[in-house]
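Colleague: One predicted model, sequence on top.
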Amino acid sequence: MNIDNFLLGIDVAFTIQNLLYCFAGILIGTIVGMIPGLGPLAAMPLLLPFTYSWDPISAIIMMSGIYYGTQYGGSTTAILCKMPAETSSVVSMADGHALARKGYANTALNTCAIGSFIGGCVSTFLIVFASNFFLSVGLSFGPREYLALIILGCCCCVVMTSQSWQRTLAMILIGMLLAMTGTDPIDGKMRFNFGSLYLAAGLDIKIVILALYGVGESLRHLYLDNTLVHNVNMVKQVGVWSAKNFNKIVSCWKSILRGCGIGSILGVIPGGGTVYAAFMSYAFEKKFSKTPEKFGKGAIEGLAAAETANNAGSQTSFIPMLGLGIPVNGAMALCLALLLVHGIEPGPNILNKHPQLFWGLIVSMLIGNFMLLAINLSTVPLMVKLLKVNTKYISWIVLALCFIIAYYYDNRIIDCLVLLILGVFGFFLLKSKYDPIGILLGFILGPKLEESLRQSIHIYRQDYLEIFVFNYGFFFYILAIIMLYYFKKNPI
Amino acid sequence: MSKNNKLIPLVMLFVSLVYFSQVWKYKIFVSNAYTTISYGFFPLLVSALLVLTSIYLFFKK
């Protein structure tokens, strides 16, 4: 690691503006993470439109803060209410809630906060070391290598969703078709505008994100009448902080370290991310524990390992997104979209082209972890009161905001109409258990795939061996085949 | 299979057929020293694949 780069990151992250954005991001993330039914995919698309006029560094700092903030917040609801707000919090729920019932809610919450803090910090340093690799290969990437990388990205999407590969493929293709509306990326010829001047400019990615995640998700919540009863299992006493509690947390330092290792590695694997990390880490602890019978009944080691791995995984999932331009989960796909809207193309060249953004984000993650630790240790009992908010009202507010934001972009009512059509489509997709993340990925990667393919054919004059075999990209094809084969045998 | 699960493949089939019917207006192949494909090739490929996938999903039990 070059110390100059790190100093550059400190210079960028320690401005008043970026510190405020970081704080706002983690605060929103913690609150959203605590409310069951919401999560990063509900909050991020809604806030995305506000960030378009901001500095891209501040925008990505805030978005990443929301993402890892939700990982912290999710465990609070799981421990106190036995209601996992996030999928990855399911693991923490059994032991965390059992501890809370015994009167150790404070210990459980603080174990989560400290474990998450250590996991977050260790994995941030791993991103720094991974950056050296991307820096060295970045300059040797051309269209044919990008072509291979995009195909690998599509394969990642196929394995990362829990639905069948045919459904994911269909979603990616729909996204690609929607992205083709408008102007061809190489010749500049008009395609699929159906005589409409509005479609000549192509569909706006901002509207697509708002429709699929904002409108679609809100309609689904309203349809399901998601009036969650939060208070049924609510722990009445959070408990007090004592030296005995502190000793309990210190005693599980080995579990925290193992959680860091497992979480950091599994965070970069498509699909699983934090969920994989938390489950694997918990299973590992249980397998090698001297008292496996305690697991599920209030084992603090299991809670510490799962929460550490969960947060470590959430931060290392930025490695493939920033370094290769491959999002491993929905939240990363939204971060990728955010960077693209700002004209920044994530990939191996990001360190050469945008060092301020990369290093600023890394340092902000470290600062964010400190902020989260402070927030979680001091304000958790207060934030628990937010659980009484009915998600049905939130869905109505989100729905109204989506239409206001869509109109606010260009003051065109047709944007609202497109939002409605795509939103209703998104709702039916979610209702039929189709994951719309494929549409978003196809929308982002489709034009790049076509551009890289046509550029490669043009540059290498139809020498297909040069395009597909004799370059670094060949390893990505091999990796894609291995990944598809492995995940077909062991589905997520 | 429920009605809902049939609806999505049907919509996808409709969308892909609309795109597929338009793609013939565009130049698909060219023949020169540099390239063989034109701006209609990729839409043809994607829409054809989507037609096949949505038919598969529609009839899948």
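Modeller: That came through, no problem. Residues are numbered from 1 along each chain as shown, chains lettered A, B, ... in the order given.
Colleague: alpha carbons only for contacts and neighbour counts from here, please
Modeller: Noted.
Colleague: Under the pLDDT cut-off, which ranges of the stretch 251-400 of chain A? List them.
Modeller: Within the stretch 251-400 of chain A, the stretches with pLDDT under 70 are A:269-273, A:380-391.
Colleague: Near chain A, which residues of chain B? Just list them.
Modeller: Proximity of chain B to chain A, by Cα under 8 Å from any Cα of the partner chain, involves residues B:4-5, B:8, B:12, B:16, B:19, B:22, B:26, B:33-37, B:39, B:42-43, B:46-47, B:49-50, B:53-54, B:57.
Colleague: Please, which helix or strand holds the nearest residue to residue A:480 once chain neighbours are set aside?
Modeller: The spatially closest residue to residue A:480, leaving aside those adjacent along the chain, is residue A:152, at 5.3 Å (Cα to Cα, 6 or more residues apart in numbering or on different chains). For residue A:152, the element it lies in under DSSP states H and E is helix A:143-160.
Colleague: Could you export the helix or strand containing residue A:455 as CSV, CA atoms only?
Modeller: Using DSSP H and E, the element containing residue A:455 is helix A:437-459. Taking C-alpha atoms only, helix A:437-459 is exported to CSV below (Å, rounded to 0.1, in the frame of the first residue of the first chain):
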residue,chain,number,x,y,z
ILE,A,437,-31.8,-7.3,-10.2
GLY,A,438,-31.2,-9.1,-13.5
ILE,A,439,-33.0,-6.3,-15.4
LEU,A,440,-30.8,-3.7,-13.8
LEU,A,441,-27.7,-5.6,-14.5
GLY,A,442,-28.7,-6.3,-18.1
PHE,A,443,-29.6,-2.6,-18.5
ILE,A,444,-26.1,-1.6,-17.2
LEU,A,445,-24.0,-4.3,-18.9
GLY,A,446,-26.0,-4.7,-22.2
PRO,A,447,-24.7,-1.6,-24.0
LYS,A,448,-21.1,-2.3,-22.7
LEU,A,449,-21.3,-5.9,-23.9
GLU,A,450,-22.3,-4.8,-27.4
GLU,A,451,-19.7,-2.1,-27.5
SER,A,452,-16.9,-4.4,-26.4
LEU,A,453,-17.9,-7.1,-28.8
ARG,A,454,-18.1,-4.9,-31.8
GLN,A,455,-14.9,-3.0,-30.9
SER,A,456,-13.0,-6.3,-30.4
ILE,A,457,-14.2,-7.6,-33.8
HIS,A,458,-13.2,-4.3,-35.4
ILE,A,459,-9.8,-4.0,-33.7
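Colleague: which of the residues in it are buried?
Modeller: Neighbour-count burial for helix A:437-459 flags A:437-458 (criterion: 16 or more other Cα atoms under 10 Å in any protein chain shown).
Colleague: what separates the most centrally placed residue in chain B from residue A:218, distance-wise?
Modeller: Centroid-nearest residue in chain B: residue B:47, 1.4 Å away (criterion: Cα atoms, centre = their mean). Here residue B:47 is placed at a distance of 30 Å from residue A:218 (Cα to Cα, to the nearest Å).
Colleague: Next: residue A:199.
Modeller: For residue A:199, the distance to residue A:218 (Cα to Cα) stands at 26 Å.
Colleague: More neighbours: those two, which one.
Modeller: With neighbours defined as other Cα atoms under 10 Å in any protein chain shown, residue A:199 and residue A:218 compare such that residue A:218 has more, 28 against 17.
Colleague: thinking that one is in contact with residue A:400, fair?
Modeller: No - applying Cα atoms under 8 Å as the test, residue A:218 and residue A:400 come out as separate, 9.8 Å apart.
Colleague: Give me the distance between residue A:62 and residue A:355.
Modeller: Here residue A:62 is placed at a distance of 18 Å from residue A:355 (Cα to Cα).
Colleague: and the two? which has more neighbours close in?
Modeller: A direct count of neighbours by other Cα under 10 Å for residue A:62 and residue A:355 places residue A:62 higher, at 31 against 16.
Colleague: you'd agree the more buried one is up against residue A:28?
Modeller: No - look at residue A:62 against residue A:28 with Cα under 8 Å: they stay out of range, at 9.3 Å.
Colleague: ok now do residue A:315, which residues does it touch?
Modeller: Taking Cα atoms under 8 Å, 6 or more residues apart in numbering or on different chains, we find residue A:315 in contact with A:68, A:120, A:123, A:124, A:264, A:267.
Colleague: what about the third one, helix or strand, and which?
Modeller: Residue A:123 is located in helix A:105-138, with elements delineated by DSSP H and E.
Colleague: May I have the secondary structure class of the residue in chain B that chain A sits nearest to?
Modeller: Nearest residue of chain B to chain A: residue B:34, at 4.7 Å (Cα to the nearest Cα). What DSSP: H, G, I helix; E, B strand; the rest coil gives for residue B:34 is coil.
Colleague: backbone phi and psi for it, please?
Modeller: Residue B:34 adopts backbone torsions of phi -100, psi -40, taken as degrees, to the nearest 10.
Colleague: Sounds good, over and out.
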